[in-house]
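Undergrad: One predicted model, sequence on top.
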Amino acid sequence: KNQVEQSPQSLIILEGKNCTLQCNYTVSPFSNLRWYKQDTGRGPVSLTIMTFSENTKSNGRYTATLDADTKQSSLHITASQLSDSASYICVVSPPMTTDSWGKLQFGAGTQVVVTP
Amino acid sequence: DAEITQSPRHKITETGRQVTLACHQTWNHNNMFWYRQDLGHGLRLIHYSYGVHDTNKGEVSDGYSVSRSNTEDLPLTLESAASSQTSVYFCASSRDRNGEQYFGPGTRLTVT
């Protein structure tokens, strides 16, 4: 079973609107939680990285939040643009104290389509 | 500018053939990784290396091998290609073992 689950699988939003993507994980504790953006036909690119002790991190119009108690993270996109159309992937990094250190756990991604 | 490249970008091969996918990075990163990405799945780790002559198996390593003879390159070899290995393959590198990973553009492999 995947240790990182994302919802929704896909969503369509109008240009200029906001949206929020969800990530539930079971990897605990973890070293950091990352959000990546993957454009069609390209490799993933990092948007935000949060450590276990952080609960919010912003990168321009992208804001990630983390609730370690409920093991949930969200990515909020503000005032969406056509260029935001992509897959957004939640990634959890296991802690240094385990054999899994450095082996990232990837969610399946949420496909976002921004329409004019 | 430093970068990570993969070649070929697209490859079609027949079942049973040996195939090698190239990955080259110019960041001088010690850590390199190979993933496969399939519809409905997250990226899955195939093999990884933490330095020259170091290689390790990931969660889906069966049927694949890697070798690390220098810092810049980590080629991925499919010993005998199978249709189940049709996928998009991504190479990544990182400076720190748990640091940010930088991904290549991917190689789309089709095994017929």
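TA: Yep, that arrived.
Undergrad: can you pull out the strands in chain B?
TA: Assigned strands in chain B, in chain order: B:4-7, B:10-13, B:19-25, B:31-37, B:44-51, B:54-57, B:64-66, B:76-78, B:87-94, B:102-103, B:107-111 (criterion: DSSP state E).
Undergrad: who does the fourth one pair up with?
TA: Partner strands for strand B:31-37, per DSSP bridges, with pairing direction: strand B:44-51 (antiparallel), strand B:87-94 (antiparallel).
Undergrad: Extract the C-alpha trace of it and format it as PDB.
TA: Extracted in PDB, the C-alpha atoms of strand B:31-37 (Å, rounded to 0.1, in the frame of the first residue of the first chain):
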ATOM      1  CA  ASN B  31      23.900  10.900  -5.100                       C
ATOM      2  CA  MET B  32      22.100   9.600  -8.200                       C
ATOM      3  CA  PHE B  33      18.800   7.800  -8.600                       C
ATOM      4  CA  TRP B  34      16.700   6.000 -11.200                       C
ATOM      5  CA  TYR B  35      12.900   6.000 -11.000                       C
ATOM      6  CA  ARG B  36      10.100   4.700 -13.200                       C
ATOM      7  CA  GLN B  37       6.800   6.400 -13.500                       C
END
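Undergrad: Tell me what angle it forms with strand B:107-111.
TA: Between strand B:31-37 and strand B:107-111, the angle comes out at 50 degrees (axes from the mean of the first three to the mean of the last three CA atoms, to 10 degrees).
Undergrad: what does strand B:31-37 rub up against?
TA: When contacts are taken as CB atoms under 8 Å, 6 or more residues apart in numbering or on different chains, the neighbours of strand B:31-37 outside the stretch itself are A:102, A:106, B:23, B:25, B:43-51, B:58, B:60, B:64, B:66, B:68, B:74, B:76, B:85, B:87-97, B:99, B:101, B:106. Using the backbone N, CA and C atoms, a C-beta is placed for each residue, glycine as well.
Undergrad: Could you list the contact residues of chain A toward chain B?
TA: A:2, A:4, A:31-32, A:34, A:41-46, A:49, A:89, A:93, A:96, A:101-109 (CB under 8 Å from any CB of the partner chain).
Undergrad: got JSON lines for the strands of chain B, with mean neighbour count and mean pLDDT too?
TA: JSON lines is the format used below for these (neighbours: other CB atoms under 10 Å in any protein chain shown; pLDDT from 0 to 100):
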{"stretch": "strand B:4-7", "mean neighbour count": "18", "mean pLDDT": "96"}
{"stretch": "strand B:10-13", "mean neighbour count": "14", "mean pLDDT": "97"}
{"stretch": "strand B:19-25", "mean neighbour count": "19", "mean pLDDT": "98"}
{"stretch": "strand B:31-37", "mean neighbour count": "25", "mean pLDDT": "96"}
{"stretch": "strand B:44-51", "mean neighbour count": "20", "mean pLDDT": "94"}
{"stretch": "strand B:54-57", "mean neighbour count": "14", "mean pLDDT": "94"}
{"stretch": "strand B:64-66", "mean neighbour count": "20", "mean pLDDT": "97"}
{"stretch": "strand B:76-78", "mean neighbour count": "19", "mean pLDDT": "98"}
{"stretch": "strand B:87-94", "mean neighbour count": "24", "mean pLDDT": "97"}
{"stretch": "strand B:102-103", "mean neighbour count": "20", "mean pLDDT": "95"}
{"stretch": "strand B:107-111", "mean neighbour count": "18", "mean pLDDT": "97"}
